[in-house]
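Novice: The following comprises the amino acid sequence and a computationally predicted model.
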Amino acid sequence: MTIRTAALRLLPVWAVLFALLLGMFFVLLAGVNPIEAYRDLLRGALADVFGFATTLVKTTPLLFAGLGVAVALRAGLINIGAEGQIYLGGLAAALVGLYVRGLPPLLHVPLAMLAAFVGGGAWALLPALLRLRRGVSEIITTLLMNYIGLYFVGALVSGPLKEPGAPYPFSPPLAPSAYLPTIIATTDAHAGILIALVLAVVTYIVLEHTPAGFQVRMVGANPSAAAYAGVNVGQTVIIAMVVSGGLAGLGGASEVMGLKHRLFDAFSPGYGYDAIVVAFLGAGQPLGVVATAFFFGALRSGANIMQRSQGVPVAVIFAIQGLAVLFLAASLAVRHRIFRWGGRSRQPVAASPAQAAGVSDPE
Amino acid sequence: MGGVLSERSGVLNIGLEGMMLTGALAGAMGSYFLGGPWMGALAALAVGAALGLVLAYLTVTLGANQIVTGVGINLFALGFTTFVERVAIRPAGIEAVPSFAQLAAPELRAIPLLGPLLANLTPLVLVAIVIAPILAVFLYRTPWGLALRATGEVPRAADTAGISVFLVRYMAVAAGGALAGVGGAFLSLGQLNLFSENMTAGRGFIALAAVILGKWNPVGALAAAFLFGAAEALQLFVQSYGLGVPYQIPTMLPYVLALAVLAGFVSRAIPPAAEGIPYQQEER
């Protein structure tokens, strides 16, 4: 790996740094000293045990859902629907937690997680089928499914699942045997992060080192070549999409089982949308996703502190994320051009979404 | 409408949602600070066009992935508009901005079912209805329209015929952004009289579905948009008469309809051939 390719590999880092730099300008507009604001952000996210625990709590759903989006991305699919899949996963986990009683935690927790995987996967199945059978872009369908999922869960917790007499729409608490255990005493940090990390490693191994993963990557890089080589493209697309939705569903389960212990209306503050950024900036690589999920978890956790101490709205983080995505997309395109002009590649620029998102196999 | 324009030139505009949202904010602020809803609509137009130019620069000039770029624009717009609302609108205590007058008389608005539909009938609605046939004539009956469609179908041939593919795509995306911006301003100046966080709530994507359902034809898209609008009106109606169902069930309606429509009709719809593909002149 030459210095040049190393610098190119680090493009996402540059994109984020650049976006953070521009973000300072927004902070300045809010009438706050950006250096102080960022100092508070950093301190809030990492400096003490509570901040760090909050960072872990926020990283967990981002990591699950980010892995999900990444799996789809590697198969050449853009799953914008992680948010809806989070809701359905959370719902499925809550149902198992509420209505299945008398199981030991060692059985109850995996059962609820499995239900969440199925729930999230089912929510992703319809867009996958529509794409295959009808040629409808999964981008639009998964997005529409987000709103349906959000309102579906909202309707259930306002109606049949609502705790009697509750002031807001939320369900009764789950059976304690379905709780994910706390991993740092006196904080909210729960075992969801450990499960997510294990799954990141598993996803990495499956994608990079098994025939099934190779098929997924082939379909993502060039579906017609994959079909020519005997890969069942349709089946691969469905499996990748269902696994993608399932992973995002686990993110919802970890919120419900680890943090809230009830099913709330609108319980996800847009984790599914952040997950798209997490997956893109992580270049679709599971281990890259771990890094970006942690980074954005820290941003979210620190941004709350920054809002409290400096009065800078949390929303500035979303603007920074959007900018980072734009910078990355632009710099990737420029990189392709440089290679073309250098005569190193005669391929047309970024034909598939997976390539365009900078998803390539490590050479 | 905005979607039809940019997609016909071969640029898929996922950023429509963000452009609408930013347009909604610009509309509200423009109306408040520049005096009057028409200035607001103008501000929304300008801001939408500016975002369109950003999208065009990234996707047409740099050849960046159109989907990723659109997602980036949406995220940025969501964060940016919420941020501005928090630091500029809320502290200033602005509770309502001057907005468009309602055209329908109060008696008309009292009609059940049709009432809520008529209540939102503002000049902007009429503008939207008028623009569709104008756009159709432009696309199908003028040399510029032909150039635009050619660019979206076979950019190489258009290039050979002396059309600047870059220029056409730039103009189409900018104009599309401008229209989306005005669409957003309709929400903040016609419906709510104020900007609220994420007030577009996926309407940009419903608009994309309307483009597909309308088969990339302006009049078709208008009809499709009408259908989705009717679903939303029905939703408001069910909500206001409270039929004993949680409000979320009717709120889902437009999204479910969009999905059903995509599932049922799209197989026969063929998008512009060169949609989503960056064009490189030097490519051989």
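Specialist: Received the coordinates, thanks.
Novice: can you pull out the helices in the stretch 201-350 of chain A?
Specialist: In the stretch 201-350 of chain A, the segments counted as helices under DSSP state H, counting those that start in this stretch are A:211-221, A:223-228, A:233-254, A:271-281, A:286-310, A:316-341.
Novice: Highest mean neighbour count across those, which stretch is it?
Specialist: Among the helices of the stretch 201-350 of chain A, ranked by average contacts under mean count of other Cβ atoms under 10 Å in any protein chain shown, first place goes to helix A:271-281 (a mean of 29). Yep, even glycine has a C-beta here, placed from its N, CA and C like the rest.
Novice: what packs against it?
Specialist: Taking 3 or more Cβ pairs under 8 Å, 6 or more residues apart in numbering or on different chains; DSSP states H and E as the contact definition, the neighbouring helices and strands of helix A:271-281 are helix A:11-29, helix A:49-74, helix A:82-99, helix A:233-254, helix A:286-310, helix A:316-341, helix B:66-84.
Novice: related to what we said a few turns ago, comparing the helices of the stretch 201-350 of chain A by mean pLDDT, which bottoms out?
Specialist: If you rank those by mean pLDDT, helix A:316-341 sits at the bottom with a mean of 70.
Novice: quick one on the thing from earlier: which of the helices of the stretch 201-350 of chain A sits closest to A:Ala166?
Specialist: Within the helices of the stretch 201-350 of chain A, the stretch nearest A:Ala166 is helix A:233-254; the backing value is 20.2 Å (Cβ to Cβ).
Novice: Next, the angle helix A:211-221 makes with the closest one.
Specialist: Angle, helix A:233-254 to helix A:211-221, by axes from the mean of the first three to the mean of the last three Cα atoms, to 10 degrees: 110 degrees.
Novice: where in the stretch 151-284 of chain B is pLDDT low?
Specialist: B:151-175, B:177-178, B:180-246, B:265-284 (pLDDT under 70).
Novice: give me that answer again for 80
Specialist: B:151-255, B:257-258, B:261-284 (pLDDT under 80).
Novice: thinking again about what came up before, export the helices of the stretch 201-350 of chain A to TSV and append columns for distance to A:Ser171.
Specialist: Shown next, in TSV, are these (distance: least, Cβ to Cβ, whole Å):
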stretch	distance to A:Ser171
helix A:211-221	36
helix A:223-228	42
helix A:233-254	13
helix A:271-281	19
helix A:286-310	25
helix A:316-341	28
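Novice: tell me which parts of the stretch 101-250 of chain A are close to chain B?
Specialist: For the stretch 101-250 of chain A, the residues in contact with chain B (Cβ under 8 Å from any Cβ of the partner chain) are A:130, A:133-136, A:139-141, A:143-148, A:151-152, A:154-155, A:158-159.
Novice: can you do 6 Å?
Specialist: Remark: the part of the stretch 101-250 of chain A in contact with chain B comprises A:130, A:134, A:136, A:140, A:143-144, A:147-148, A:151, A:154-155, A:158-159, using Cβ under 6 Å from any Cβ of the partner chain.
Novice: Buried subset of the residues you listed as a PyMOL selection?
Specialist: Here is the PyMOL selection string for the buried members of those, based on 16 or more other Cβ atoms under 10 Å in any protein chain shown:
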select buried, chain A and resi 130+134+136+140+143+144+147+148+151+154+155+158
